[in-house]
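[1] requesting a structural model of the entry that follows:
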Amino acid sequence: MKRKDFIKKSALAAGATLFSPLFVNSDSEAKPLVKLNYKPEPFNWTNENLTLAWIGHSTILINIFGKWIITDPVLFERVGVYFFGGSIGPARLTPPALHSHEFPKPDIILLSHAHMDHMDYPSLKFFTEKYPNQIDVITAYLTKDVIEDLEWKSINVMDWNDELTLQGIRFRANEVKHFGWRYPWEKDRSRGYMKDGRSFNSYVIDYGGKKVLFGGDTAMTNKFQNLKSENIDIAIMPIGAYNPWVRNHCNPEEALKMSSEIGAKYFIPIHTKTFKQSNEPFAEAIDWMKRDASKYNMQIGLEEIGQTFVLS
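    Residues are numbered from 1 along each chain as shown. This next block holds a predicted model:
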């Protein structure tokens, strides 16, 4: 399945499947095909370290010296059109490493772009209903409309090269090579609509003397080169959905190369082994990453969904 086909299926499934098994309300109903061998224990993490865990897809739970950040939270069985409290669209192959009720209260939620497998309305609705007016969110240019009806403490829109200090944490938004429409008929910057099109970000998180790059979603590009001076400790980068969608998604070696070129010390994979979005075999991206990691002056921080990485 091509990446664009996946997004279109997510966006258009409602018309044909309103009352089909594609409709699911909660994570308790999920029946994924693959079991996880690892489970994070965030309530045992110390605030003296930078600790993170891969929850699944592009969702990373981060404790950076006492501040809790979640990237692109996708917590339930399906992603797609939000309808009567659930989503209609593609199902997970692997469960999230934490159920929604097992998360600590996030201080900040970081959203890379408006695709339904990254800006998942039911997951964001869950957090804002559980913690109304208590969570700050950061999102990309012209994506605020998707989530502005939710009860956030603040909504912060960042465009490419913007910097923001929020709760003492410095964020820098960076351009990536991707596309941004949530529905196929929308304008986005990949189609040349720079002023009135949806955008797509990566971010540098800078706090407590450590820096984390959240790569969001990207194809191979030189757009990360301006981060060489940032002295990145950890690069969280997408490695899946590249076959055949190479124009919008990098493969594992390209992700490793981009991270190594900016001097990242550790590499964390995302965007694989969660949804069927492309034609590569289920385990290929992780196996490829492990096979080629030795070519680069960088260490792999974790290899599987559910694992936890600690940087003192």
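[2] would you say E253 is within a strand?
    No. With DSSP: H, G, I helix; E, B strand; the rest coil as the criterion, E253 is assigned helix and is not in a strand.
[3] now do the contacts for it.
    E253 makes contacts with W288, M289, D292, K295, as judged by CB atoms under 8 Å, 6 or more residues apart in numbering. C-beta coordinates here come from the backbone N, C-alpha and C atoms, glycine included.
[4] now, which of those lie within helices?
    The members of the contacts of E253 that map onto helices under DSSP state H are W288, M289, D292.
[5] and those, which of them are buried?
    Buried members of those, counted by 16 or more other CB atoms under 10 Å: W288, M289.
[6] just give me the closest of the ones in helices among the contacts of E253 to D206.
    M289 (25.5 Å; CB to CB).
[7] now do the contacts for the closest one.
    Neighbouring residues of M289 by CB under 8 Å, 6+ apart: I239, P252, E253, A255, L256, F267, P269, I300, E303.
[8] so the fourth one makes contact with I239?
    Yes. With contacts defined as CB atoms under 8 Å, A255 counts as touching I239 at a distance of 4.8 Å.
[9] rewinding a little: going by neighbour count, which of the contacts of M289 comes out on top?
    Comparing those by number of neighbours (other CB atoms under 10 Å), A255 comes first, having 29 neighbours.
[10] looking at it now. What's its pLDDT?
    Turning to A255, the model gives it a pLDDT of 98.
[11] and the one 5 residues further on, by the same measure?
    According to the per-residue confidence, S260 scores 98 in pLDDT.
[12] circling back: from the contacts of E253, which is closest to E41?
    Relative to E41, the closest of the contacts of E253 is M289; by CB to CB it sits at 24.8 Å.
[13] nearest residue to that closest one in space, please, no chain neighbours.
    Spatial nearest neighbour of M289, excluding adjacent residues (CB to CB, 6 or more residues apart in numbering): P252 at 4.0 Å.
[14] excluding its backbone neighbours, what's nearest the residue most central in space within the chain?
    Among the residues of the chain, the one closest to the centroid is S58, at 3.0 Å (CA atoms, centre = their mean). Counting by CB to CB, 6+ apart, D72 is the residue found nearest to S58 once chain neighbours are left out, at 4.2 Å.
[15] understood, closing this out.
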